[in-house]
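Peer 1: have a look; sequence and predicted model below, questions after that.
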Amino acid sequence: MLRIIFELILICATGISLYVLYQSRKNESKERYIIQEMRHISRKMYELGNEEEFIKEVCDTVQSITHSNEFAYFKYVPEEDILLASYVVGPYKNQLLQAKMKMGEGFTGYVAKERKAMFLNNANKSTLAKHVPGTPDEDSALLAVPIAFAGDLLGVILQTKLGGSTFNKDDLRLSEIFVNLAAGFIAGENYVSMVRQGFVDMLRVLINTVELKDTYTAGHSVRVSRLSEIIAKKMNLSEKEVTKIKIGGLLHDIGKIGIQESILRKSEKLEDEELTEIKNHPGLGAKLIIKFKMFTGVADAILYHHETYDGTGYPDGLQGEAIPISSRIIAVADAIDAMTFGRPGRGIKSVDEAFAELKKFSGTQFDPKLVDICNNNKDVIKKVLEEAVQIDEFATEEELEKISL
Ligand SMILES: [Fe+2]
């Protein structure tokens, strides 16, 4: 009898040990899975280019852990103090995408206001939750986590379980971990876009200053940039090189900021020392631009834009292919625009006359390959000149994306 009792105790003990072992293995594999997902998400932070793609990754991961039926990302709009549904996955996607919450309104608004992650089981019976029009009044559980960075609210992630399932503290804790990772990414995106916009505003001011100081018609820099881009693309250069040339075209005369206005505006023949001073502008421009880390690749394009193909240009008298392609392209674009829009003492030429000049100086002042490209694309070039684009038309969303070199 004693032996049977002992054997039964032994069997129970073995069972308990096996259960404990099974549970620890289960937790171990869950932890391993979570660590794996965290690594995956943190890698995605560097790979993915936009907020929606990243939120989608976070949604997939969080849903695979919490098994929620719905996932919604509400973006905070500080100007209106509201939360707007901007990404939704789940059966009531269309209804939720119409949702707009005031701060403090409903469960999502409450979590945003309190800046505290919470879950609410039996939400349909709670006064805190607000019923979203068009969705059935069924048993549901809600879990919401505010997204905040450096004290600023960025949005709220809301998850829903339908049909009587509930959330627990683990779901809340794990959702918080992944949402905090998302907060870093979203804040970074906002910061980059702010910095980009700041750069473009700065460029506008710099270019406007040069154009006001010089005798250029407004928009010279933008037109040189557009023409340079057309020629660079026809040369089949890489996208990065095309962007570099485009920015170089825009900033090519930035060094004139350091040249006396009386010299820049003089219509009579320049004295030797005045000529020497004006020839300093490519060097001054390159020196100025190299200080901006994102534009360092543009400095050479600016430095050599007054070199000529036969080696009689300045500042270094470089010849032929020794002149960077970016500078050779900008030189042609600059000449076309200067001839057709006019410079002091030189008058205005028609597009056909300007093209005849290009041909005349092909191989001496200009790279003959580029003159040929211009001739073959005369209509496109003519269109840019006729459109007379202004500086404010520069920097569309697409261009902002590509501005960093
Ligand atoms: Fe110049």
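Peer 2: Received it, and whenever you're ready, just let me know what you need.
Peer 1: got a list of what residue 56 touches?
Peer 2: residue 87 (Cβ atoms under 8 Å, 6 or more residues apart in numbering). For every residue, glycine as well, the C-beta is placed using N, CA and C.
Peer 1: then residue 63?
Peer 2: Counted by Cβ under 8 Å, 6+ apart, residue 63 has contacts 71, 89, 159.
Peer 1: mind redoing it with 7 Å?
Peer 2: residue 71 (Cβ atoms under 7 Å, 6 or more residues apart in numbering).
Peer 1: before we move on, what about residue 119?
Peer 2: Neighbouring residues of residue 119 by Cβ under 7 Å, 6+ apart: 141-143, 167, 171-172.
Peer 1: can you pick the most crowded of these?
Peer 2: The most crowded member of the contacts of residue 119, judged by other Cβ atoms under 10 Å, is residue 143 (27 neighbours).
Peer 1: quick one: which of the contacts of residue 119 is nearest residue 369?
Peer 2: residue 143 (63.3 Å; Cβ to Cβ).
Peer 1: show me what secondary structure element comes after whichever strand or helix holds that closest one.
Peer 2: Secondary structure assignment for residue 143, by DSSP states H and E: strand 140-149. Remark: after strand 140-149, the chain's next helix or strand is strand 152-162, criterion DSSP H and E.
Peer 1: and after that following strand, which helix or strand comes next?
Peer 2: Of the helices and strands lying after strand 152-162 in sequence (DSSP H and E), the nearest is helix 169-213.
Peer 1: quick one: list the elements packing against that next one.
Peer 2: helix 2-47, helix 51-66, strand 140-149, strand 152-162, helix 220-234 (3 or more Cβ pairs under 7 Å, 6 or more residues apart in numbering; DSSP states H and E).
Peer 1: partner strands of the shortest one and their direction?
Peer 2: The pairing partners recorded for strand 140-149 under DSSP bridges are strand 118-120 (antiparallel), strand 152-162 (antiparallel).
Peer 1: got the CA coordinates for the last one in PDB?
Peer 2: Coordinates of each C-alpha in strand 152-162 appear next as PDB, following Å, rounded to 0.1, in the frame of the first residue of the first chain:
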ATOM      1  CA  ASP A 152       4.900  65.100 -27.500                       C
ATOM      2  CA  LEU A 153       1.900  63.000 -28.400                       C
ATOM      3  CA  LEU A 154       2.100  61.500 -31.900                       C
ATOM      4  CA  GLY A 155      -0.900  59.200 -31.900                       C
ATOM      5  CA  VAL A 156      -2.600  56.100 -30.300                       C
ATOM      6  CA  ILE A 157      -2.600  52.500 -31.300                       C
ATOM      7  CA  LEU A 158      -5.900  50.800 -30.600                       C
ATOM      8  CA  GLN A 159      -6.500  47.000 -30.700                       C
ATOM      9  CA  THR A 160      -9.900  45.300 -30.500                       C
ATOM     10  CA  LYS A 161     -10.900  41.700 -29.700                       C
ATOM     11  CA  LEU A 162     -14.400  40.700 -30.800                       C
END
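Peer 1: quick one, it and helix 169-213 angle?
Peer 2: Calculated by axes from the mean of the first three to the mean of the last three Cα atoms, to 10 degrees, strand 152-162 forms an angle of 140 degrees with helix 169-213.
Peer 1: quick check: buried residues in strand 152-162?
Peer 2: For strand 152-162, the neighbour count (16 or more other Cβ atoms under 10 Å) marks 153-162 as buried.
Peer 1: how much does it deviate in direction from helix 51-66?
Peer 2: 40 degrees.
Peer 1: let me see the mean pLDDT of strand 152-162.
Peer 2: Averaged over strand 152-162, pLDDT sits at 90.
Peer 1: now render the strands paired with strand 140-149 as TSV, adding distance to residue 354.
Peer 2: TSV is the format used below for the strands paired with strand 140-149 (distance: least, Cβ to Cβ, whole Å):
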stretch	distance to residue 354
strand 118-120	69
strand 152-162	52
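Peer 1: tell me which of the ones you listed sits nearest to residue 136.
Peer 2: Closest of the strands paired with strand 140-149 to residue 136 is strand 152-162, at 8.8 Å (criterion: Cβ to Cβ).
Peer 1: run the chain-centre distance for the closest one.
Peer 2: Computed by Cα atoms, centre = their mean, to the nearest Å, the separation of strand 152-162 from the middle of its chain amounts to 25 Å.
Peer 1: what's that strand in contact with?
Peer 2: With contacts defined as Cβ under 7 Å, 6+ apart, strand 152-162 is touched by 62, 66, 68-76, 83, 90, 108, 111-112, 115, 138, 140-148, 167, 175, 179, 183, 186-187.
Peer 1: what residues are up against residue 317?
Peer 2: residue 311 are the contacts of residue 317 under Cβ under 7 Å, 6+ apart.
Peer 1: ok but it is inside a strand, no?
Peer 2: No. Counting by DSSP: H, G, I helix; E, B strand; the rest coil, one finds residue 317 to be coil, located in no strand.
Peer 1: before we move on, the earlier item: out of the buried residues of strand 152-162, who's nearest residue 308?
Peer 2: For those, the nearest to residue 308 is residue 154 (53.5 Å; Cβ to Cβ).
Peer 1: ok, and the closest non-adjacent residue to that closest one?
Peer 2: Counting by Cβ to Cβ, 6 or more residues apart in numbering, the nearest residue to residue 154 once its immediate chain neighbours are dropped is residue 147, at 4.5 Å.
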